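Student: based on what follows, work out the 3D shape:
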Amino acid sequence: MKTLLASLAAVLVSAGAQAEIRPFNLSLTPDVAVCDRGDTIEGLTLSVWGENQQTSLALGIANGTTGQSAGLSWAYVLNYADDYKGIQWAPINYTKGGFLGWQNGFANYAAGTMKGLQTGAVNYAGTVTGLQLGFVNYAESTDTGVQIGLVNIIRQNTEWFTGLPEELAPGMIFVNWRF
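Tutor: The predicted structure is shown next:
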């Protein structure tokens, strides 16, 4: 009987703790918000500092997204995400995993694969499939990528001008590529 009651209690507690899908969130911090941090937002997020998994329009000072998130994230200071698809606009944009879309700001960082466009003073990507446009562009590797800026570095390019036309050089001014 004790085992049955313990099992029933565990099921009821875990059912109440599951994340829910919400259409709107308003937050001062991730823990002082209308919705719990574990809820998924599909709609609109307004934040001083917010952090949820979302498919939404996120407007705030600092927008954080967890898991596989998507949408338009516009922040006054910072956007950060685990994985993101869509548009990130802020002075600083940071994605820990993969990014698909457009990052626009002073500094853009995608640790995993960046597929799309990065426009900013400083752009960094683990792997680029797309275009980096900025003063300083850096990529560990590229699947198919072009960099346009003052300083352009693709670490995967190992030789200077010997791989033409598929690759240009490890570092170049104005333009660099690898196809």
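Student: for this protein, what are the low-confidence residue spans?
Tutor: Along the chain, the model assigns pLDDT under 70 to residues 1-18.
Student: so where's the longest strand in it?
Tutor: Counting residues, the longest strand found in the chain (DSSP state E) is strand 40-89.
Student: any idea how far it is from the chain center?
Tutor: Its chain's average C-alpha position is 9 Å from that of strand 40-89, according to Cα atoms, centre = their mean, to the nearest Å.
Student: by how many degrees do the stretch of helix or strand residue 126 belongs to and strand 40-89 diverge?
Tutor: In the assignment (DSSP states H and E), residue 126 maps to strand 107-154. Angle, strand 107-154 to strand 40-89, by axes from the mean of the first three to the mean of the last three Cα atoms, to 10 degrees: 50 degrees.
Student: mind giving me the packing neighbours of strand 107-154?
Tutor: strand 92-95, strand 99-104, strand 171-178 (3 or more Cβ pairs under 8 Å, 6 or more residues apart in numbering; DSSP states H and E). Heads up, the C-betas are built off the backbone N, CA and C, glycines and all.
Student: okay, and the beta partners of the spatially most central residue of the chain?
Tutor: Centroid-nearest residue in the chain, with Cα atoms, centre = their mean: residue 95, separated by 3.2 Å. With DSSP bridges as the criterion, residue 95 is bridged to residue 81, residue 110.
Student: next one: it from residue 173, what distance?
Tutor: Remark: distance between residue 95 and residue 173 (Cβ to Cβ, to the nearest Å) = 27 Å.
Student: so for residue 70, which of the helices and strands packed on strand 107-154 sits nearest?
Tutor: Of all those, it is strand 99-104 that lies closest to residue 70, at 8.4 Å by Cβ to Cβ.
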